[in-house]
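[1] based on what follows, work out the 3D shape:
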Amino acid sequence: MTDFLLAEPGSLGEGWRGFTDIRFLVNALLTLVLATVLGSIIAYHPKRGQMADTPEEIEAPKVYVTYAMIGAIIGIMVVKYGLVVGFVLFGIGGLIRMRTVLRSATLTGDVIFVTLIGLSCGLDLPHVAVLSTAFGFVLIYILDAKIIYRIDVMMLASETVGPAAKAYRGVLEQHGCIE
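    Numbers count the residues shown, from 1 in each chain. The predicted structure is shown next:
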């Protein structure tokens, strides 16, 4: 019994050998793609775009897709390496959400994502960390390809809102800001 207590803890992960498990890497990549596609189907539902009134609502689909990817990474790690990893991840996620003040849900998602990458490294799962990082990099590149801007015009008399909106739209079209 004493030997068990004094023994060095073994690594949960596979270390650098994980990169040789091509079957796992392909399966993990397909899992990330599936989660992203399914998350995108919900996030970019045709009715959702018609109801967005704030920049946060406009950016919300990116958050949904990012969280779908985060869920897939958690699932990959839990299925491959056990439920304890899941509890650790949700504990860390709760701390980040409650103790970290970020200005948007997108930034919160990014912090959770990089935390998963760091945790993968710490659990001796560099192959999961590298695959997740590469996939996340491409996903962020795609999601942030179109930048959303908002212009607030205030203090207009109600009878001038229509003509003013038309004039603003004309200027924005002249400068190629509206497709």
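[2] name the element the residue nearest the centre of the chain belongs to?
    Taking CA atoms, centre = their mean, the centroid of the chain lies closest to residue 66, which sits 2.3 Å from it. Assigned by DSSP states H and E, residue 66 falls within helix 55-81.
[3] the least confident helix or strand in the chain by mean pLDDT: what's the following helix or strand?
    In the chain, the helix or strand scored least confidently by mean pLDDT, DSSP states H and E is helix 2-6, which has a mean of 48. Using DSSP H and E, the helix or strand that follows helix 2-6 in sequence is helix 22-43.
[4] which helices and strands does that following helix pack with?
    helix 55-81, helix 126-143 (3 or more CB pairs under 8 Å, 6 or more residues apart in numbering; DSSP states H and E). In short, each C-beta sits where N, CA and C put it, glycine included.
[5] and those helices: which comes nearest residue 171?
    helix 55-81 (20.4 Å; CB to CB).
[6] and the contacts of the helix or strand following the helix holding residue 66?
    Counting by DSSP H and E, the element after helix 55-81 in chain order, helix or strand, is helix 83-99. Residues from elsewhere that reach helix 83-99 (CB atoms under 8 Å, 6 or more residues apart in numbering): 12, 74, 77-78, 108, 111-112, 115-116, 119, 123.
[7] one more time with 7 Å, if that's ok
    Applying CB atoms under 7 Å, 6 or more residues apart in numbering, the contact partners of helix 83-99 are 74, 77-78, 108, 111-112, 115-116, 119, 123.
[8] rank the helices and strands packed on helix 22-43 by mean pLDDT and give me the bottom one.
    Among the helices and strands packed on helix 22-43, helix 55-81 carries the lowest mean pLDDT, a mean of 85.
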